[in-house]
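Visitor: here is my input; please provide its structure:
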Amino acid sequence: MKRAIVCAVLSAVLLCGCNSKPVQILTSKPTEQERPTSVLYTLQERENQDYDVSPYRVKDRSFYENPKVVIDEEELKEFAGSRLEKITSSTGTDYTGTYKGYEFTIVRADCFANWLELSGYSDRSGEREGLYLQKYRGNYEYEQIDYYKDPSEHFLVVTKCRDNKVICEFFGHS
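Guide: Take a look at the predicted model:
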């Protein structure tokens, strides 16, 4: 009975085409005993798909798993200050702020692997778009989020923004 209700709710959500919140995909393995349901908060459909974000997509982990460059805090501060409209927090390894109403976190590439671990994210490979981040939220819930690299490969940018035009403008291309 519970599964029938979940299926009905999921079908209604999918048929409405509501894009304002992430789609929840509910999965469970049928058994005799009731098991918890997993919830995956997936990435929304992209907006402004005529803008090409492929140069910024992370396709290879090697440049941040084994960085060949060390980025200093001043370079990070300068990059974040030139990109973010408002800075809400900062450390020696990352800056978080907003750009065009979206939250962006800029992380030094030489500190990204450690940032992933401290933030609870892990990188995953997607079939269509390349790498993305996934985070366990508790109670069988997982969140997916995009991340990009700047052309110099000195910084990685983590955001839920799925508007390709905004991403291109963030990196200085329109």
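
Visitor: and stretch 107-124, how far out from the chain's middle?
Guide: Its chain's C-alpha centre and that of stretch 107-124 lie 12 Å apart, by C-alpha atoms, centre = their mean, to the nearest Å.

Visitor: restrict that stretch to CA atoms and write it as CSV.
Guide: Below are the C-alpha coordinates for stretch 107-124, written out as CSV (Å, rounded to 0.1, in the frame of the first residue of the first chain):
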residue,chain,number,x,y,z
VAL,A,107,38.1,26.1,-4.0
ARG,A,108,41.8,26.0,-4.7
ALA,A,109,42.6,23.0,-6.9
ASP,A,110,45.6,22.1,-4.7
CYS,A,111,43.2,21.8,-1.7
PHE,A,112,40.2,20.3,-3.5
ALA,A,113,40.6,16.7,-2.5
ASN,A,114,40.8,17.7,1.1
TRP,A,115,37.8,20.0,0.7
LEU,A,116,35.8,17.1,-0.7
GLU,A,117,36.6,15.0,2.3
LEU,A,118,35.9,17.7,4.8
SER,A,119,32.6,18.7,3.1
GLY,A,120,31.4,15.1,2.8
TYR,A,121,31.2,15.2,-1.0
SER,A,122,32.6,12.5,-3.3
ASP,A,123,33.1,12.9,-7.1
ARG,A,124,31.1,10.6,-9.4
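
Visitor: buried residues, it. List them.
Guide: 107, 108, 109, 110, 111, 112, 113, 115, 116, 121, 123 (16 or more other C-beta atoms under 10 Å). Quick note: C-beta positions are derived from backbone N, CA and C, even for glycine.

Visitor: which residues touch it?
Guide: 58, 61, 63-65, 67, 69-71, 76, 93-94, 131-136, 144-145, 147, 149, 153-158 (C-beta atoms under 8 Å, 6 or more residues apart in numbering).
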